[in-house]
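Undergrad: Only the shape, not the letters, is given here:
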Ligand SMILES: Nc1ncnc2c1ncn2[C@@H]1O[C@H](COP(=O)(O)OP(=O)(O)OP(=O)(O)O)[C@@H](O)[C@H]1O
């Protein structure tokens, strides 16, 4: 006898296994002559400890999604929960504090402070939050990204790949609920990009770190547990454990 279908709709409360949840998130830019509907009702639940890649054609809303989900920009409507905090209604001041403590960022351009050493850049999240840096965690993270011998170097004395490793270690420093990465391998050659990707994957596994990453590169996206495809401001598909070829095919279909 077939199992009867459940009669109750799934609850809208995020289960404790969810690191980030978006519910019907919309973002309209109204500054120009015509409003731009960059996000048109995105709902998404990111599992704790998972690695999610966000892909889609240019202009599909990937960066907007990342900025809004990370609390860097306000949605026009909808609900965003990180960990157990609904950030949708936090004041600007509370949101800034929350981001410093609970969210990590990795950008294509590394965003290291040029006058601070590797070690000092890594300590920034603690300093910005008026916390004392944890020396053992700092040493562990430098080792995890292979920079244990470069703690005293300045960013100008690093290669692009090494600079991005500092950014990864820094994002991991405070054990945030989630790290958002925007094209973290975009400025690197393919070999260095592959090494950075491996470092990120290892970090996700070692620290059970939740990672959400925007990328244009199907090879990079194939390292993720799940790929979310955006088109015209909406989630149009999701793929689990997809190969680079499968991801490329889907991106082509979406009209990259
Ligand atoms: N500040 C802004 N003001 C007005 N429109 C904007 C703004 N930022 C983004 N947009 C528009 O919102 C839509 C989504 O942009 P977004 O940058 O999120 O796309 P994307 O998928 O990240 O693109 P790409 O892959 O080219 O970086 C686009 O039509 C873009 O022109």
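TA: On my side now, so go ahead. Predicted, not measured: the structure shown is a model, and the values here were computed from it.
Undergrad: how about the residues of this structure near the ligand?
TA: Where the chain comes near the ligand, counting by CB under 6 Å from any ligand atom, the residues are 29, 31-32, 36, 38, 56, 58-64. (Each C-beta comes from the backbone N, C-alpha and C, glycine too.)
Undergrad: at 8 Å what do you get?
TA: Neighbours of the ligand within the chain, by CB under 8 Å from any ligand atom: 27, 29, 31-32, 36, 38-39, 56-67, 214, 216, 230, 233.
Undergrad: if I read this right, residue 195 contacts residue 161, doesn't it?
TA: Yes - look at residue 195 against residue 161 with CB atoms under 8 Å: they come within range, at 6.1 Å.
Undergrad: the strands in this protein, which residues?
TA: 18-29, 36-47, 51-55, 77-82, 85-86, 103-107, 178-182, 211-214, 226-231, 234-240 (DSSP state E).
Undergrad: how far is the third one from where the chain is centred?
TA: Okay, so that is strand 51-55. Counting by CA atoms, centre = their mean, to the nearest Å, strand 51-55 is centred 8 Å from the centre of its parent chain.
Undergrad: Just list what that strand packs against, helices and strands only.
TA: helix 62-69, helix 190-207, strand 211-214, helix 218-221, strand 226-231, helix 244-253 (3 or more CB pairs under 8 Å, 6 or more residues apart in numbering; DSSP states H and E).
Undergrad: For residue 114, find the nearest of the ones you listed.
TA: Ranking the helices and strands packed on strand 51-55 by distance to residue 114, with CB to CB as the measure, places helix 190-207 first at 20.1 Å.
Undergrad: ok, back up a step: buried ones from the residues of the chain next to the ligand, can you make that a PyMOL selection?
TA: With 16 or more other CB atoms under 10 Å as the burial test, the buried ones among those are selected in PyMOL as follows:
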select buried, resi 27+38+39+56+57+60+61+62+63+64+65+66+67+214+216+230+233
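Undergrad: any idea how far residue 235 lies from residue 140?
TA: 36 Å (CB to CB, to the nearest Å).
Undergrad: out of these two, which sits in the busier spot?
TA: residue 235 (20 against 15; other CB atoms under 10 Å).
Undergrad: By mean pLDDT, point me to the weakest helix or strand of the chain.
TA: The least trusted helix or strand in the chain, going by mean pLDDT, DSSP states H and E, turns out to be helix 190-207, with a mean of 89.
Undergrad: quick one: that one to strand 51-55, angle?
TA: Calculated by axes from the mean of the first three to the mean of the last three CA atoms, to 10 degrees, helix 190-207 forms an angle of 140 degrees with strand 51-55.
Undergrad: got the angle for helix 190-207 vs strand 178-182?
TA: 170 degrees.
Undergrad: How about helix 190-207, which residues are buried there?
TA: Within helix 190-207, the residues scored as buried using 16+ other CB under 10 Å are 192, 193, 194, 196, 197, 199, 200, 203, 204, 207.
Undergrad: Likewise for stretch 121-128?
TA: Applying 16+ other CB under 10 Å to stretch 121-128 flags 121, 122, 123, 124, 125, 126 as buried.
Undergrad: just stretch 105-117 next, same as before
TA: 105, 106, 107, 108, 110, 112, 116, 117.
Undergrad: How about residues contacting that stretch?
TA: 70, 120-121, 124, 151-156, 160, 163-164, 166-168, 171, 179-184, 186-187, 200, 213 (CB atoms under 8 Å, 6 or more residues apart in numbering).
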